[in-house]
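S.K.: next one to model:
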Amino acid sequence: MSALTPSQTVGPYFRIGLDWPEANRLVGADTPGQHILLRGQVLDGDGVAVPDAMIEIWQADAAGVHHGGGGDAFRGAGRCGVDADGGFVFETVKPGAFSDADGAHAPHLNLIVFARGLLTHLYTRVYFEDEAAANAADPVLGLVPADRRATLVARREGDHYRFDLRLQGAGETVFFDV
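M.R.: Coordinates of the predicted model:
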């Protein structure tokens, strides 16, 4: 008789219920706002690609409004399994700034990493390099030590924004306890 083994990792992933067609496309052709691509790669502590992760994002629309679904062309949430090189891409709109009880939040995406070997999924935010003034006033980004903030900022590269996730080691992405 064998004993039950406790769960020790997130995964393995079964496709049923985890993704949907074009889960990485949050917009339709008629979605208002600046359409953007967010590309990145998931890397381990040695800078080696992690080929079996899943990335999930949530965000406000271009006007800074968070949606709970509905009939418009903007979903507000998406998922993307990484490819063999740890790569992912999301097609979305650049989110608008919004304010709440904590203050004015810079345009950002909320991002979660699920991967083999992670006991708990990882939460972070993605800010945009061309929003320097808004980033400087953001109440959450302001809590991050100045020398680590760059790990949360997507850089413009040609026709897309680039945001790599480093799970540990030098240049490790800042992850939040939520």
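
S.K.: for this structure, what spans make up the helices?
M.R.: Listed in chain order, the helices of the chain (DSSP state H) span residues 132-137.

S.K.: where does it have low pLDDT?
M.R.: Scanning the chain for pLDDT under 70 picks out 1-19, 68-72.

S.K.: let's go with 90 and repeat that
M.R.: Across the chain, the ranges flagged by pLDDT under 90 are 1-23, 28-30, 66-75, 115-120, 178.

S.K.: name the residue closest to the centre of it, please.
M.R.: Here the mean C-alpha position of the chain is nearest to the C-alpha of Leu111 (C-alpha atoms, centre = their mean), at a distance of 2.7 Å.

S.K.: can you pull the contacts of it?
M.R.: 55-57, 123-126, 165 (C-beta atoms under 8 Å, 6 or more residues apart in numbering). Using the backbone N, CA and C atoms, a C-beta is placed for each residue, glycine as well.

S.K.: what's the answer for His108, then?
M.R.: 59, 95, 125-128, 138.

S.K.: for it, give the beta-bridge partners.
M.R.: Beta-bridge pairing of His108 under DSSP bridges involves Tyr127.

S.K.: distance check, it against Gly47.
M.R.: 25 Å (C-beta to C-beta, to the nearest Å).

S.K.: and if you look at Arg166?
M.R.: According to C-beta to C-beta, Arg166 stands 8 Å off from Gly47.

S.K.: check Asp164 too.
M.R.: Here Asp164 is placed at a distance of 10 Å from Gly47 (C-beta to C-beta).

S.K.: these two - which one has more neighbours?
M.R.: Under the neighbour definition other C-beta atoms under 10 Å, Asp164 and Gly47 were set side by side, and Asp164 has more, 18 against 12.

S.K.: that one and Val126, how far apart?
M.R.: 11 Å.

S.K.: now swap in Ala136 and tell me
M.R.: From Ala136 over to Val126 the distance is 16 Å, taken as C-beta to C-beta.

S.K.: between these two, who's got more neighbours?
M.R.: Between Ala136 and Val126, counting by other C-beta under 10 Å, Val126 is the more crowded of the two (22 against 11).
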